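My questions are about this predicted structure, shown below with the sequence.
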Amino acid sequence: MTTIDYREFYIDGGWQSPTGPGLLDVRSPTTENTIGSVPAASTADIDRAVAAARAAFDAPDGWATWHPKQRAEVLDRFATELEARASETSRRVALQNGMPIWLAEQFEGGFPAVLLRYFSQMMVDAPAVDERAGFLGGTARVTRHPIGVVAAIVPWNVPQAISFLKLAPALAAGCTVVLKPAEETVLDAFLMAEAAAAAGLPAGVLNVVPGGRDIGAHLVEHPGVDKVSFTGSTVAGRTIAEVCGRLLRPVTLELGGKSAAILLDDVDLDASLESLFGVTFLNNGQICWLNTRVLAPQSRYSEVVDALTGLAESLKVGDPLDPATKIGPLVSARQRERVEGYIAKGKSEGARLTTGGGRPAGIDQGYFVEPTVFADLDNNATISREEIFGPVLSVIPFADETEALAIANDSEYGLGGSVWSADVERAATVAGRVKSGTVGVNHYTNDPVAPFGGIKNSGMGRELGPEGLHTFQHLHTVYLPPVG
Ligand code: NAD
């Protein structure tokens, strides 16, 4: 197979040579072979990218000063160029991180253009001024302004969609951006940069500089950055929050999760199984909001365990580029080691493995782990408390709704969740008492209209919806005197 290789960065609206000799090799988690390479950013490259974003933001006639309609026209062209590359974007993501291709087409090929148009339109429709009759007389004239240069740092699991949760509102608001993709998923990021160049984004508005943690840390601390938007692990998020606290730099953090699916006693299991797959094993178990704790009523516990065991066994494991594949490999050997460590822990703590737990038979390369279900354990088991980030479920029994909610809410995290019932309103009432940022009823979808994000160790701030736009704006008030 020919490899995909880049030797320049997209900085300041063009392709620029790296300052250092470093290269990032990208390996397929399916074949373990090298599939491409890009230059690794040095701190000097980050400095150049921030300087370009800073100049583009500060210019008297720069991006920030454009009318939202003008920005929307450019971002619509960007969306069109991304759509033209959607199938190659999906293919690259599937090649790099093992995401099944049908899912990559939805999340990675499709969603970025939707987000660009959604946030551009929101800016076009937003009133320029919010005039408020003063409570103490006079008038308060409130306006919103782009916050400045944004450092966007993203993980490898859903790289394009997560990038555009940040890029779309930031660019629509008039901010300029330095994007640091994760080392594992850079080839899709460079394709995105090609789309930006083809769309004619003004120089410096978007800059793409890949590298590891140190490069990310340099970007977070950079004096030219006004706002940090981070998605990744809770450990890294905590470090970034500390730095931003010291600098008094606004920061949004989308971090890890250990969400619960609550199956109420009237759930129609057969009708729910396909959607339950979508909240448990999706993307090989590598999504932050997945419901890796499944809470089942005692009265139907063995039925639920059997259904999930059957579901896991029915999933085709294999090459993510095969449209029939439901479970691809984990992103790396290190990630597989971590997941296998948790499976060993589940067994050693006495949970009952009902299916999976090993590497799939007949596949002798790639970082695959079988879809795995553990039963007869409670919420105190290590695998019920810690984020595994792999296809491993804990099925936990509960006596009644009160206990189900107590278990669901007994977590360091609070990102997603779901409630399943034949009675949608009953489920919605229970969902309203789940302590997390988002909860689905009989399904789970991150709709662009509504805020997405977490509480507790799952992060701070929100993406999507008007709330997601507002994190890239600062507020300005002019107090007008009373008339007469
Ligand atoms: P990670 O935190 O190791 O890395 C994420 C990104 O941050 C990478 O680009 C990395 O290079 C960079 N980075 C790491 N440490 C940094 C630091 N100190 N300063 C600046 N940049 C730094 O996470 P990961 O292992 O790549 O991703 C998996 C994690 O991401 C999981 O915990 C998952 O739950 C979380 N995640 C959260 C969401 C969400 O929306 N809440 C979405 C996807 C993934």
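The structure has been received and is ready for your questions.

now the host helix or strand of Ala261: how far from the chain's centre is it?
Secondary structure assignment for Ala261, by DSSP states H and E: strand 260-263. For strand 260-263, the separation from the chain centroid amounts to 21 Å (computed by CA atoms, centre = their mean, to the nearest Å).

now for that strand, which elements pack on it?
Applying 3 or more CB pairs under 8 Å, 6 or more residues apart in numbering; DSSP states H and E, one finds that strand 260-263 makes contact with helix 269-280, strand 293-297, helix 401-409, strand 418-420. All C-beta spots, glycine's among them, are computed from the backbone N, C-alpha and C.

Convert the C-alpha atoms of stretch 269-283 to PDB, please.
Coordinates of each C-alpha in stretch 269-283 appear next as PDB, following Å, rounded to 0.1, in the frame of the first residue of the first chain:
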ATOM      1  CA  LEU A 269     -35.100  -5.400  25.100                       C
ATOM      2  CA  ASP A 270     -35.500  -6.900  21.600                       C
ATOM      3  CA  ALA A 271     -36.600  -3.500  20.200                       C
ATOM      4  CA  SER A 272     -33.800  -1.700  22.100                       C
ATOM      5  CA  LEU A 273     -30.800  -3.900  21.300                       C
ATOM      6  CA  GLU A 274     -29.600  -2.100  18.200                       C
ATOM      7  CA  SER A 275     -29.800   1.300  19.900                       C
ATOM      8  CA  LEU A 276     -28.100  -0.200  23.000                       C
ATOM      9  CA  PHE A 277     -25.200  -1.200  20.700                       C
ATOM     10  CA  GLY A 278     -25.000   2.500  19.900                       C
ATOM     11  CA  VAL A 279     -24.400   3.500  23.500                       C
ATOM     12  CA  THR A 280     -22.200   0.600  24.600                       C
ATOM     13  CA  PHE A 281     -19.800  -0.800  22.000                       C
ATOM     14  CA  LEU A 282     -19.800   2.000  19.400                       C
ATOM     15  CA  ASN A 283     -16.400   2.900  18.000                       C
END
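
Please name the residues that touch Phe57.
Residues near Phe57 by CB atoms under 8 Å, 6 or more residues apart in numbering: 63-64, 146, 148-149, 175-176, 204.

Identify, from the residues you listed, the entry nearest to Ala351.
Lowest distance from Ala351 to the contacts of Phe57 (CB to CB) belongs to Cys175, with 46.7 Å.

Can you give me the distance of that closest one to Asp214?
25 Å (CB to CB, to the nearest Å).

So which of the two has more stuff around it?
The neighbour comparison of Cys175 against Asp214 (other CB atoms under 10 Å) goes to Cys175, with 28 against 12.

Can you check the contacts of Phe57 and name whichever has the most neighbours?
When neighbours are counted by other CB under 10 Å, Thr176 leads those with 30 neighbours.

in stretch 304-311, what's buried?
Using 16 or more other CB atoms under 10 Å as the test for burial, stretch 304-311 gives 304-305, 307-309, 311.

Narrow the residues you listed to those in helices?
With helices taken from DSSP state H, the overlap with those comprises 304-305, 307-309, 311.

what residues does the stretch 1-150 of the chain put near the ligand?
Residues of the stretch 1-150 of the chain lying near the ligand by CB under 6 Å from any ligand atom: none.

Quick one: end-to-end length of stretch 355-370, please.
This stretch, stretch 355-370, spans 8 Å end to end (CA to CA, to the nearest Å).

For stretch 16-33, buried residues please.
Of all the residues in stretch 16-33, those buried under the rule 16+ other CB under 10 Å are 16, 18-19, 24, 26-30.

hmm, who's touching that stretch?
For stretch 16-33, the external contacting residues (CB under 8 Å, 6+ apart) are 1, 4, 7-10, 34-42, 44-45, 48, 95-98, 183-187, 210-211, 319-321, 328-332, 365-367.
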